[in-house]
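Peer 1: build me a structure from this.
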Amino acid sequence: MRGKTAAFAVAACLVTGGSLATATPASATVDPGINWDHTWHTTDASPYGGTVYVEEYGDVVSVCDTAADGYNANAWVYQSTGTYYVITTSGGNGSCVTARASDGGYHNLPENETFHVNVYTCNNNDAPCAYQSDHTFLNDH
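Peer 2: As a prediction, this is how the structure comes out:
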């Protein structure tokens, strides 16, 4: 079931016109100057395979690969009405990728609306995807 949901994430993104991995790569760790509003992990045992960070001000979403397990970490940002975007790490353990409102398009999330963030791992974006953890936040600043 987990693989089907992640596959749906990618398919939904393509159908709704969202973007895949268009954010700029970050350093091996997330920006230490940001006071993250939310931090969530994949559901696998520690060390987790992926961690997502959300800062509502500036609509900053970072996902980091946090395990040397051969799987990429992914963050799917969406609302019940459709997908906004998916970002995917590609450099292995310690790599991160970040999307910001300043990237434009779907990365600029509407204010005062609820968003879901699903963090999961995939082997080169191929099924099976696993260890999904889904969370919500109100983008209110």
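
Peer 1: contacts and neighbour counts: CA atoms only from here.
Peer 2: Will do.

Peer 1: for stretch 97-113, measure first residue to last.
Peer 2: 24 Å (CA to CA, to the nearest Å).

Peer 1: let me see the mean pLDDT of it.
Peer 2: Stretch 97-113 shows an average pLDDT of 95 in the prediction.

Peer 1: now it: buried residues?
Peer 2: Buried positions in stretch 97-113, judged by neighbour count with 16 or more other CA atoms under 10 Å: 97-101, 106-109.

Peer 1: stretch 64-71: end-to-end distance?
Peer 2: 11 Å.

Peer 1: one step back: which one among the buried residues of stretch 97-113 gets closest to Asn74?
Peer 2: The nearest member of the buried residues of stretch 97-113 to Asn74, counting by CA to CA, is Val97 at 9.1 Å.

Peer 1: for my notes, confirm the closest one occurs in a helix.
Peer 2: No - counting by DSSP: H, G, I helix; E, B strand; the rest coil, one finds Val97 to be strand, located in no helix.

Peer 1: distance of it relative to Asp44?
Peer 2: Distance from Val97 to Asp44, by CA to CA: 20 Å.

Peer 1: can I get the buried residues of stretch 97-113 in a markdown table with distance to Asp37?
Peer 2: As requested, those are arranged in a markdown table below (distance: CA to CA, whole Å):
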| residue | distance to Asp37 |
| --- | --- |
| Val97 | 17 |
| Thr98 | 15 |
| Ala99 | 15 |
| Arg100 | 14 |
| Ala101 | 16 |
| Tyr106 | 20 |
| His107 | 17 |
| Asn108 | 17 |
| Leu109 | 15 |
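
Peer 1: quick one: which of those is nearest Asp31?
Peer 2: For those, the nearest to Asp31 is Thr98 (9.5 Å; CA to CA).

Peer 1: any idea whether the residue lying closest to the closest one once chain neighbours are set aside is helix, strand or coil?
Peer 2: Among residues not flanking Thr98 along the chain, Ser62 sits closest, at 4.2 Å (CA to CA, 6 or more residues apart in numbering). Here Ser62 is strand, with the state taken from three-state DSSP.
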